[in-house]
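**Student:** Pasting the sequence and the predicted coordinates here, then a few questions.
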Amino acid sequence: MPDAPRVLFYGSPDFALPTLRALIDSPYRPIAVITQPDARAGRGRSLKPPPIKKLAAEHGIPALQPARLRDPAAIAQIGSLKPDLQVVAAYGQIFPTEILDLPAHGTLNVHASLLPRWRGASPISAAILHGDVETGVTIMLVDETEDTGDILRQRLTQIDPTEHAGFLSDRLAQMGAELLLETIPGWLEGSVTPSAQQPELATRARRVKKQQGRIDWSSAAPAISRHVRAYTPWPGASTQLGTTAIRITEAVVGEGEAPESPGTIVSVGHHITVSTGTGVLDIVRIQRAGKRELSAEEFVRGTRDLIGRRFGTEDD
């Protein structure tokens, strides 16, 4: 039996955790992980390690945290590890040629879409926002540009019309980890043949920014429902009611036409029903800034005179 390959793993957020766990429990246990530097987070702005660093430490795997993968010092340090294979899942940096040239068996990436659709940093949010009914994961070869490398294997899944980006991310992360472990043996043996992407079919999923979570109530109800799903849990589908910052965490398209101007609350009960640019939206779950998430019914019980008020405005 040939010696196990020397594997380096690159990843940072929660999406990467199932892949690292799968590698640890396989013949391809990483000799080291490369992850992003610790970052300040939370109200206290204290330094927090990436999830991948914490998992690696639990298993005695060293972690490197270069600020820039292109720095000569980072390239030299990674090169000294002499990897045979590199695996990437949501690492967050473009790979320089010097890093890609290190392993004899290349660099494999777990990408959360059916490439070439939704290349880029936010494929899960993009798929939901644009109303895709299916998505999947791709195991691909990394090259010097973002998500353009050859495809090794893909696996498709349906997008449930009620699931938000957080749930879909968890599903795709697990699916990607499983598909990776199914792919590596054949790739190392030479029985998996790469297929070039069709660039004319490519779409781009740019990195989501915090301000994109703001709800535009003049949009149609189906678009707002997708917006809520695409931006939950981050950056959150945000609006305001009077001077109170609000996050809507679950909403569905209601029945009937919009009887009032966009953002106006037209009825309350099991749902909070809101007029939009086209149709009405039924809010199912809602959260005031800094407070716990509530069902619409709980929110209604604790808030007086909601009917006729408008989301998205400071007017009471």
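**Tutor:** Great, that's in hand. Residues are numbered from 1 along each chain as shown.
**Student:** So for D305, what's the pLDDT?
**Tutor:** Here the pLDDT value assigned to D305 is 92.
**Student:** swap in T97?
**Tutor:** 97.
**Student:** How is this structure divided into domains?
**Tutor:** 7-205, 211-301 (automatic domain parsing).
**Student:** Turn those into TSV, columns for mean neighbour count and distance to T313.
**Tutor:** C-betas here are computed from N, CA, C, even on glycine. Listed next are those as TSV, based on neighbours: other Cβ atoms under 10 Å; distance: least, Cβ to Cβ, whole Å:
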stretch	mean neighbour count	distance to T313
domain 7-205	18	24
domain 211-301	18	7
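**Student:** residue ranges of the helices in this structure, please?
**Tutor:** For the chain, the helices defined by DSSP state H occupy 17-24, 51-58, 72-79, 97-100, 123-129, 165-189, 221-230, 296-301.
**Student:** need those in TSV with distance to P259, can you?
**Tutor:** Below are these laid out as TSV (distance: least, Cβ to Cβ, whole Å):
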stretch	distance to P259
helix 17-24	46
helix 51-58	46
helix 72-79	59
helix 97-100	58
helix 123-129	27
helix 165-189	31
helix 221-230	13
helix 296-301	19
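**Student:** Would you mind saying which of those lies nearest T278?
**Tutor:** Nearest to T278, of all the helices of the chain, is helix 221-230, at 6.4 Å by Cβ to Cβ.
**Student:** what angle do that closest one and helix 165-189 make?
**Tutor:** Relative orientation of helix 221-230 and helix 165-189, computed by axes from the mean of the first three to the mean of the last three Cα atoms, to 10 degrees: 60 degrees.
**Student:** Alpha carbons of helix 221-230, in PDB - could you do that?
**Tutor:** Extracted in PDB, the C-alpha atoms of helix 221-230 (Å, rounded to 0.1, in the frame of the first residue of the first chain):
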ATOM      1  CA  ALA A 221     -43.100  39.900  -2.300                       C
ATOM      2  CA  PRO A 222     -41.400  36.800  -3.800                       C
ATOM      3  CA  ALA A 223     -38.200  38.800  -4.200                       C
ATOM      4  CA  ILE A 224     -38.300  39.900  -0.600                       C
ATOM      5  CA  SER A 225     -39.000  36.400   0.600                       C
ATOM      6  CA  ARG A 226     -35.900  35.200  -1.300                       C
ATOM      7  CA  HIS A 227     -34.000  38.200   0.200                       C
ATOM      8  CA  VAL A 228     -34.800  37.100   3.700                       C
ATOM      9  CA  ARG A 229     -33.700  33.500   3.000                       C
ATOM     10  CA  ALA A 230     -30.500  34.500   1.100                       C
END
